[in-house]
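In: I need the structure of the sequence given here:
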Amino acid sequence: MSTPDTEPLDVERIREDFPILQREFDGKQVVYLDSAATAQTPDPVVDAIAEYYRKTNANVHRGIHHLSQEASIAYEEAHDRLAEFVGASGGREELIFTKNTTESENLVAYAWGLNELGPDDAVVLTEMEHHASLVTWQQIAKKTGAELRYVQVAEDGTLDMEHATEVIDDDVAIASVVHISNTLGTVVPVAELADLVHEHDGLFFVDGAQAVPTRPVDVEAIDADFYSFSGHKMLGPTGIGGLYGKQHLLEEMEPFNYGGGMIRSVSFEDAEWNDLPWKFEAGTPVIAQGIALAEAADYLDDIGMERIRRHEEALAAEAYDRLEAIDEVTVLGPAPGDDARAGLLSFVVDGLHAHDLASIMNDHAVAVRAGDHCTQPLHDKLGIPASTRASFYVYNSVEEIDPLVAGVEDAVELFA
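Out: Presented below is the predicted three-dimensional model:
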């Protein structure tokens, strides 16, 4: 007997909420396979933004009047909703709104890392880190003298957990790892890594940019000390993201930005910081975006996060098999199965640069990503300048794999 978590998605019904997917280019309906970069935004989320500006637009925490009170309540409740969405039982005190995953990384790196790290400490990353994590901690390590270590990627595209046990020792102050590789699609065993890092009294930061939109996430079950995500990858607006942090850590940290809103009191000589999470949200915050992001969380939960995971992984597995059947194509990362990879896949075509392939795909009205996907060191390790990435989401159907494969086959026939 099927359950809500195992029933297939009604993709045609879902697509009705995304008018952009009805657009045509040269008589061909767009096939959007670039959700790992930015997901499309459904009408209910767009309506939430418009409704705020039409009926509630006012600054928060700064007015006695009705509009400001309404905006403040909605903005505060949005924090609670996103905390619930990622499994943070502490509510708004553990969920800070940032611009995106990148700013979340920088917040922790500067507010915690710059003050706590020194020459005797080590920072652990993986070779599959996004630049948002890799570059941020690389530069903080330079400023503090901390040692930077990388857990290797195995030949099959999985994380080498044996190597992880070698590089994670008592010198490790923090490890920052990606939950799902945005290039390889690899699902990293973050709970296992968290246990390993905590055994050595280090902190554990997870980049959840590709995970929060596509699968159930429970930051407390993972035992993450920090966990970051971006709104625009989970059907929400651009310009907003989230940072979960254990409350005692956030209370101990100094602010990353200073200004209005994050102040409890101020004199000419000093200042006292506001309560969490406002302590880390200086200036006029992302009010409309936060309210809309809560609507996006509702939309995803209404579909069911486990159903979303199953759907996109099934599409990626089908695409993996069909692309691997083309002799000139190599798909990067682990083979599908046992939650080894998520619903995205990057691949290379012999004799053809990824940018040229993406241009050919565009002629087929298929939107894919081409380049190093902000993982240049990983591409260097793999010995390739760039790859092409197709990523699937709630609004993609199995039929959309046909134009993807057809475009690759045309490119092979023309150039490879």
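In: so which residues of the stretch 251-400 of the chain form strands?
Out: Per DSSP state E, counting those that start in this stretch, the stretch 251-400 of the chain carries strands over the ranges 263-266, 271-273, 329-331, 344-349, 366-367, 369-371, 387-391.
In: can you add mean neighbour count and give those back as CSV?
Out: Just so you know, the C-beta spots here come from the backbone N, C-alpha and C atoms, and that holds for glycine as well. Below are the strands of the stretch 251-400 of the chain laid out as CSV (neighbours: other CB atoms under 10 Å):
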stretch, mean neighbour count
strand 263-266, 12
strand 271-273, 14
strand 329-331, 21
strand 344-349, 26
strand 366-367, 20
strand 369-371, 20
strand 387-391, 29
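In: can these go into JSON lines with extra columns for distance to A294 and mean pLDDT?
Out: Formatted as JSON lines, these follow (distance: least, CB to CB, whole Å; pLDDT from 0 to 100):
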{"stretch": "strand 263-266", "distance to A294": "26", "mean pLDDT": "94"}
{"stretch": "strand 271-273", "distance to A294": "25", "mean pLDDT": "95"}
{"stretch": "strand 329-331", "distance to A294": "36", "mean pLDDT": "97"}
{"stretch": "strand 344-349", "distance to A294": "26", "mean pLDDT": "97"}
{"stretch": "strand 366-367", "distance to A294": "28", "mean pLDDT": "98"}
{"stretch": "strand 369-371", "distance to A294": "28", "mean pLDDT": "97"}
{"stretch": "strand 387-391", "distance to A294": "24", "mean pLDDT": "98"}
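In: which of these sits closest to A288?
Out: When the strands of the stretch 251-400 of the chain are compared by CB to CB, strand 263-266 sits nearest A288, at 23.0 Å.
In: in its sheet, what does that closest one sit against?
Out: Applying DSSP bridges, strand 263-266 is found paired with strand 271-273 (antiparallel).
In: all strands for the stretch 101-250 of the chain, in order.
Out: With DSSP E, counting those that start in this stretch as the criterion, the stretch 101-250 of the chain has strands at 122-126, 147-151, 172-178, 203-207, 226-230, 241-245.
In: out of these, which is closest to V30?
Out: strand 226-230 (22.5 Å).
In: report the distance from that closest one to the chain centre.
Out: 7 Å (CA atoms, centre = their mean, to the nearest Å).
In: can you list the strands of the stretch 101-250 of the chain in CSV and add distance to Y299 and mean neighbour count?
Out: Listed next are the strands of the stretch 101-250 of the chain as CSV, based on distance: least, CB to CB, whole Å; neighbours: other CB atoms under 10 Å:
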stretch, distance to Y299, mean neighbour count
strand 122-126, 31, 25
strand 147-151, 35, 18
strand 172-178, 25, 25
strand 203-207, 23, 27
strand 226-230, 15, 30
strand 241-245, 16, 29
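In: let's have these in a markdown table, adding distance to V46 and mean pLDDT.
Out: A markdown table is the format used below for those (distance: least, CB to CB, whole Å; pLDDT from 0 to 100):
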| stretch | distance to V46 | mean pLDDT |
| --- | --- | --- |
| strand 122-126 | 36 | 98 |
| strand 147-151 | 40 | 98 |
| strand 172-178 | 29 | 98 |
| strand 203-207 | 27 | 98 |
| strand 226-230 | 18 | 98 |
| strand 241-245 | 19 | 98 |
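In: can I get the ones you listed in JSON lines with distance to E295?
Out: Shown next, in JSON lines, are the strands of the stretch 101-250 of the chain (distance: least, CB to CB, whole Å):
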{"stretch": "strand 122-126", "distance to E295": "33"}
{"stretch": "strand 147-151", "distance to E295": "37"}
{"stretch": "strand 172-178", "distance to E295": "27"}
{"stretch": "strand 203-207", "distance to E295": "24"}
{"stretch": "strand 226-230", "distance to E295": "16"}
{"stretch": "strand 241-245", "distance to E295": "14"}
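In: could you chop this protein up by domain?
Out: 11-42+304-415, 46-301 (automatic domain parsing).
In: what is the end-to-end distance of the last one?
Out: From the first residue to the last, domain 46-301 extends over 17 Å; the measure is CA to CA, to the nearest Å.
In: could you do stretch 173-192 as well?
Out: One end of stretch 173-192 to the other measures 17 Å (CA to CA).
In: buried ones in that stretch, by neighbour count?
Out: 173-190 (16 or more other CB atoms under 10 Å).
In: ok so, going back, nearest to Y320, of the strands of the stretch 101-250 of the chain?
Out: Relative to Y320, the nearest member of those by CB to CB is strand 172-178, separated by 19.9 Å.
In: what residues does stretch 136-154 touch?
Out: Residues external to stretch 136-154 that are found in contact with it (CB atoms under 8 Å, 6 or more residues apart in numbering): 102, 105-106, 109-110, 113-114, 117-119, 121-128, 159-160, 163-164, 167-168, 171-173, 176-177, 184, 186, 378, 381.
In: so of those residues, which ones are in helices?
Out: Among the contacts of stretch 136-154, the ones falling in helices (DSSP state H) are T102, E105, N106, L114, H163, A164, V167, L378, K381.
In: so which of those comes closest to E272?
Out: Using CB to CB, L114 is the member of the ones in helices among the contacts of stretch 136-154 that lies nearest E272, at 21.1 Å.
In: got a list of what K381 touches?
Out: Here K381 is in contact with E127, V153 (criterion: CB under 8 Å, 6+ apart).
In: pLDDT at it, what is it?
Out: Listed pLDDT for K381 reads 96.
In: ok, the residue positioned nearest the centre of the chain - contacts?
Out: Centroid-nearest residue in the chain, with CA atoms, centre = their mean: A209, separated by 0.7 Å. By CB under 8 Å, 6+ apart, the contact set of A209 is T101, H130, A132, V178, N182, S228, F229, S230, K233.
In: my guess is the second one meets L184, correct?
Out: What that stands for is H130. No - H130 is beyond contact range of L184, at 11.5 Å (criterion: CB atoms under 8 Å).
In: circling back to that earlier point, tell me which of the contacts of A209 is nearest to E281?
Out: Nearest to E281 out of the contacts of A209 is S228 (CB to CB; 14.9 Å).
In: Q40 - nearest residue in space that isn't next to it in sequence?
Out: Closest residue in space to Q40, ignoring its immediate chain neighbours: F18 at 5.0 Å, by CB to CB, 6 or more residues apart in numbering.
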